Every structure is written in structure tokens, then in C-alpha cells.
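Asks: fold the stuff below for me.
(3 chains)
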Amino acid sequence: MWEEKVSFSGPYDFDLALSRLALDPLHCIDTEKRLVKIPLSFNNKKIVAEVIGTGTLENPEFLIRADNEKEKTLERLSEIFQWDVKLIQIHEHFQTTELKTLFNEHYGTPLVLEFDPFSSLLKSIIHQQVNLKFAFTLTERFVKSFGDELDGVWFYPSPEKVAQLSVEQLRELQLSGRKAEYVIGIAELAASGQLDFEKMKSKSDAEVAQELIKIRGVGPWTVENFLMFALGRPNLFPMGDIGIQNALKKYFNLDEKPTPAQMEKYKEPWSPYLSYASLYLWRSIE
DNA sequence: AACCAGGGAAGAT
DNA sequence: ATCTTCCATGGT
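Replies: As a prediction, the model looks like this:
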């Protein structure tokens, strides 16, 4: 068991980050203690890391604890929690845009990544089209049926495990037949090495998108979600997302959901931080 | 009770 | 190429 302290310059609102993570019932969070347990995997070895917020919005500080793999764990946690991103710069960028008020309301909210790329992709597939509450019920059933629990934390099942499942097994959880096929198909690609998440790190958004969009079950929305929440890319704006559309409607007080042309116009000044615009818009309706 | 939901594939023009 | 329908089912 090792411990390490991490600190850097703010703003970084860990409590808001936790409250967003808490939307997913699979996450292991204690908001009182400001603690979250993170499932990590390093070449098939599972590790649970604890992250405890000990600082403030302007002076963020964290206590990290885990067994083994100290270096890899710290590096991965830094990615997941985006500790290197200077939120102050992004905040300043939006001060001259129509989203100024939104960014002031959610000041210091970081983009927190999914804990694992393969899991992220499956989660996106399972979440397609159904309402959020039911979506989380589905992923919870999926992981608790086929995943592993360690130290009170749930790990999504491996590609190899998912590739062995049948459509019928997934239908029992109330996934549609189609989604069941998508999930198994993607697991087969990942298990066979045709889908390599490590290699994506050095590729551009467009290159990753081109590779993913070919996969059955993966459309524009899923690609954008993956780039944003699995790879942490900063400039994505999923215009097809119902939540984004509703958030824009609410924020700009529109009578109807915005048209694609309207959205194109809105988003222009928000680049190159469109992912943060998306995140804060989602937060505004959560 | 109808309509919508953090979409996408397959079929029909 | 672009438009329409179907998939499935919980929530409101």
C-alpha cells in the first residue's frame, strides 16, 4: 500500500466532478468523505485506486492510495481527472462568448474521463436512444451480470468475456437484439486486436473517427462521446445529442430545439474548447 | 396514453 | 445520396 499527495493550481472543483460521476450507479463514491474508488487495469492486472479530495476549489489537493503500480496509477489518474488541463484558460476563453454565464455557474468543473476505453465504448452503445435513467440501469445490470467486483468496485467485463456472450444473454437484461449484436461485435474486434485503444492515443480525432465509424453500432454520436470521454479530446460538440439540444433550448430560451444550422452558428466561437461547452451544457440540465 | 429518450442500421425513394 | 422506418422499453 502506497500513498501520494498531488496538488496543482486551481480552479478545479472536485465536488462538482464527483457529483457528475455519481450519476452512474456503478461508480463508488462517498461525497461526504470526498472519496472515489477507481477501477484500473494494467496488462490484465486489476487495481483499485482511492482518490480523496483534500484541497479547495482554488488550491486543489488530492490523496491517492493503492496497492502496487504506483507510477502507472498516478499517470493514469492524472489523465482520467485531467489534472494537467488549465481550466482557467478555458474559463477565460468563454468570458467573451454567449456561454459566459454558464461557465461562471459551473466554474472549475473538469472533464473527467471514463475509466477504460473499451468500457466507455460499450457504455455509449448501451446508452444509445434510451432515457438516461434506464440507460444507467442497463449498464449496471450488464456489469453486475458479467463484470468483476474488487474491493467494492465494479470492473466492466473484458473484451474476451463479452465476445463469448450470446445475444439471448444480453436480451435478458432488456437490451435490444440489435444492441446485443453491436456489443458482442465490438468485443470481438477488441479481443482480436483489430481494435487497439492504445494506438488511438497518437492519432488525430479524424483518424480515430474514421476507424470507429466503420464499426456496426457506432455512429457519429458514439464516436464523439468516445473522443471526448475516453480520449479526453477537447473540441467535440455532439450536435445530434438530445441533451445538448435541450440544454441549448433552455439556455437560449428557444421555443423549439435548435436546428443543425443554428447549432453550427452558436458553436463557432466556442472552438477549440467545444467539449467543455458540451460538458457544461449537459451539466445545466442534470 | 401518447410521446420522448445523451442513436444507428436498414429499407425506401 | 437523402429521407423514412424500425428497433425496444422505461420514464413522464
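Asks: what residues does stretch A:80-90 touch?
Replies: With contact meaning Cβ atoms under 8 Å, 6 or more residues apart in numbering, stretch A:80-90 is reached by A:6, A:8-12, A:17, A:38, A:51, A:77-78, A:108-113, A:115, A:232, A:234, A:273, A:276. For the C-beta atoms, the positions are set from N, CA and C on the backbone; glycine is no exception.
Asks: mind checking the end-to-end distance for it?
Replies: By Cα to Cα, to the nearest Å, the extent of stretch A:80-90 from end to end equals 18 Å.
Asks: gap between that stretch and the chain center?
Replies: Here stretch A:80-90 is found 15 Å from its chain centre; the criterion is Cα atoms, centre = their mean, to the nearest Å.
Asks: show me which residues of that stretch are buried.
Replies: By neighbour count on 16 or more other Cβ atoms under 10 Å, the buried set for stretch A:80-90 is A:Ile80, A:Phe81, A:Gln82, A:Trp83, A:Val85, A:Leu87, A:Ile90.
Asks: do stretch A:249-264 as well
Replies: In stretch A:249-264, counting by 16+ other Cβ under 10 Å, buried: A:Tyr251, A:Pro258, A:Gln262, A:Met263.
Asks: do the same with stretch A:20-27
Replies: Under 16+ other Cβ under 10 Å, the buried positions of stretch A:20-27 are A:Arg20, A:Leu21, A:Leu26, A:His27.
Asks: what does stretch A:215-233 give?
Replies: Those would be A:215, A:217-218, A:221-233, for stretch A:215-233 by 16+ other Cβ under 10 Å.
Asks: count the residues that sit near A:Met1.
Replies: Neighbour count of A:Met1, defined by other Cβ atoms under 10 Å: 6.
Asks: list the residues that contact it.
Replies: By Cβ under 8 Å, 6+ apart, the contact set of A:Met1 is A:Arg65, A:Ala66, A:Asp67.
Asks: from the residues you listed, list just the buried residues.
Replies: A:Arg65, A:Ala66.
Asks: which parts of the stretch 51-200 of chain A sit against DNA strand B?
Replies: Contact residues (Cβ under 7 Å from any atom of the strand) of the stretch 51-200 of chain A with DNA strand B: A:His127, A:Gln128, A:Gln129, A:Val130, A:Asn131, A:Leu132, A:Lys133, A:Ala135, A:Arg178.
Asks: farthest pair within those?
Replies: A:Lys133 and A:Arg178 (20.9 Å; Cβ to Cβ).
Asks: between these two, which is the more surrounded one?
Replies: The neighbour comparison of A:Lys133 against A:Arg178 (other Cβ under 10 Å) goes to A:Arg178, with 13 against 10.
Asks: export the buried residues of stretch A:249-264 to TSV and append columns for distance to DNA strand B.
Replies: Listed next are those as TSV, based on distance: Cβ to the nearest atom of the strand, whole Å:
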residue	distance to DNA strand B
A:Tyr251	13
A:Pro258	13
A:Gln262	16
A:Met263	14
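Asks: what sits against A:Thr222?
Replies: Contacts of A:Thr222 by Cβ under 8 Å, 6+ apart are A:Leu121, A:Ser124, A:Ile125, A:Gln128, A:Leu212.
Asks: host element of A:Ala39?
Replies: Quick fix: residue A:39 reads Pro, not Ala. Per DSSP states H and E, A:Pro39 falls inside strand A:35-42.
Asks: wait, A:Ala209 touches A:Gly219, no?
Replies: No. Using Cβ atoms under 8 Å, A:Ala209 is not in contact with A:Gly219, being 10.7 Å away.
Asks: quick one on the thing from earlier: pLDDT averaged over the strand holding A:Pro39, what's the number?
Replies: Mean per-residue pLDDT for strand A:35-42: 98.
Asks: picking up where we left off before, DNA strand C next: which of the contacts of A:Thr222 are close?
Replies: Filtering those for proximity to DNA strand C by Cβ under 7 Å from any atom of the strand leaves nothing.
Asks: tell me the one of those nearest DNA strand C?
Replies: Distance to DNA strand C across the contacts of A:Thr222 (Cβ to the nearest atom of the strand) is lowest for A:Gln128, with 8.5 Å.
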